[in-house]
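K.L.:
Have a look at this prediction, sequence included:
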Amino acid sequence: MVERRGDAAVTTFHVLHVVRNEIHLGEEDAHHARVKRLAVGDPVDVTDGMGGVGSGRIKAIEKRGLILDIDRTSFVERPPEINLFVPLADKERMLWLAEKATELQVTSWNPVMYERSKSVSPRGEGEAFDRKVFARMLSALGQSGGAWLPGMNQQVLTVADLRDRKGIVLERDGQPLGQWAAVSPVNLAIGPEGGFTDEEVNTLLDAGWSAASIGDVTLRFETAAIAAVAIVRSMLH
C-alpha cells in the first residue's frame, strides 16, 4: 500500500486505532515492510479505515513485528454516502469491483442474490470470499490514500430486502443518471450478469426505486457499477 508524500513514496499501514504514540503491528506487516525494502527511519502513514489517519516513521522492524512511531494524527470526515448493492457474481470481477469501489469511497458494500446470480459459478460468496474482499479493500485504501473503508454487509440480500429502501436501479432504459439531482445518501443497485429480470425491476420500481441509465450499451456489471459510482460521486461533491 503506497502513496506519495511530496516526492517520496510512503507506505500506508492499516491499524485498529490511530494514536500519536508507538504502534505495534504484527508479523505480516513486518514481512510487508521487508518486501518493500523499508528501513528504520522511513516515513509511513497509517489509517484505521474509519476516518483516522496518522503519519510518522518506522522505529523497528523485527522478525515477528513492526514498530511505528506516529507523531501526527488527524480525522477525515466521511464523504457523502453512497451505498452500493452489488450482484453475487464472478469472484474475480467482484474483487476488482471491491477495489475500485474503495478508491471511489463507497460507503457500504451490500451483496445481493438476484435470480440470474444463481447460475454463476464460481460465485463470490461465503466467509473466505468476504476475507478476500476485505483484503482487497485494505490494499485499495492504502493505494488511494483514502481514510474510509466501505462497510461490509456480510448478509446476502434479496430483492425483497431492498423494498424497504429507496434508491437508483441502474437500467439501460432509465433516465440519464447525470440528470439526477443526487442527494446523499444514495442507494445504487447494480444488476447481475445477464441483467435484472423484469420482475425484479418492477418490484423495485413499485417500491419507490427509480431507474437510471448511463448509456445505451450493455456493460459488464463491474464496469457499470464503477461508471455509475463515479458519476454519483462527482454530483455529490
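P.N.:
It's in.
K.L.:
Which of the helices or strands spans the spatially most central residue of the chain?
P.N.:
Among the residues of the chain, the smallest C-alpha distance to the mean C-alpha position (C-alpha atoms, centre = their mean) belongs to residue 102, namely 2.8 Å. Residue 102 belongs to helix 91-103 when elements are defined using DSSP states H and E.
K.L.:
Now do whichever helix or strand comes after that helix: distance to the chain's middle.
P.N.:
Taking DSSP H and E as the definition, the helix or strand that follows helix 91-103 towards the C-terminus is strand 108-112. Computed by C-alpha atoms, centre = their mean, to the nearest Å, the chain-centroid distance of strand 108-112 equals 10 Å.
K.L.:
so the helix or strand following strand 108-112 versus helix 91-103, what angle?
P.N.:
Using DSSP H and E, the helix or strand that follows strand 108-112 in sequence is helix 127-144. Here helix 127-144 runs at an angle of 40 degrees relative to helix 91-103 (axes from the mean of the first three to the mean of the last three C-alpha atoms, to 10 degrees).
K.L.:
pull the CA atoms of the helix or strand residue 232 falls within into PDB?
P.N.:
Of the helices and strands defined by DSSP H and E, residue 232 is found in helix 221-236. This file holds the C-alpha atoms of helix 221-236, laid out as PDB (Å, rounded to 0.1, in the frame of the first residue of the first chain):
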ATOM      1  CA  PHE A 221     -21.800  -5.300 -14.000                       C
ATOM      2  CA  GLU A 222     -18.400  -4.100 -12.600                       C
ATOM      3  CA  THR A 223     -17.900  -1.600 -15.400                       C
ATOM      4  CA  ALA A 224     -21.500  -0.300 -14.900                       C
ATOM      5  CA  ALA A 225     -21.000   0.000 -11.200                       C
ATOM      6  CA  ILE A 226     -17.800   2.000 -11.300                       C
ATOM      7  CA  ALA A 227     -19.100   4.300 -14.000                       C
ATOM      8  CA  ALA A 228     -22.300   4.900 -12.000                       C
ATOM      9  CA  VAL A 229     -20.500   5.500  -8.700                       C
ATOM     10  CA  ALA A 230     -18.100   7.900 -10.400                       C
ATOM     11  CA  ILE A 231     -21.000   9.900 -11.800                       C
ATOM     12  CA  VAL A 232     -22.800  10.000  -8.500                       C
ATOM     13  CA  ARG A 233     -19.700  10.800  -6.500                       C
ATOM     14  CA  SER A 234     -19.000  13.800  -8.800                       C
ATOM     15  CA  MET A 235     -22.600  15.000  -8.400                       C
ATOM     16  CA  LEU A 236     -22.500  14.700  -4.600                       C
END
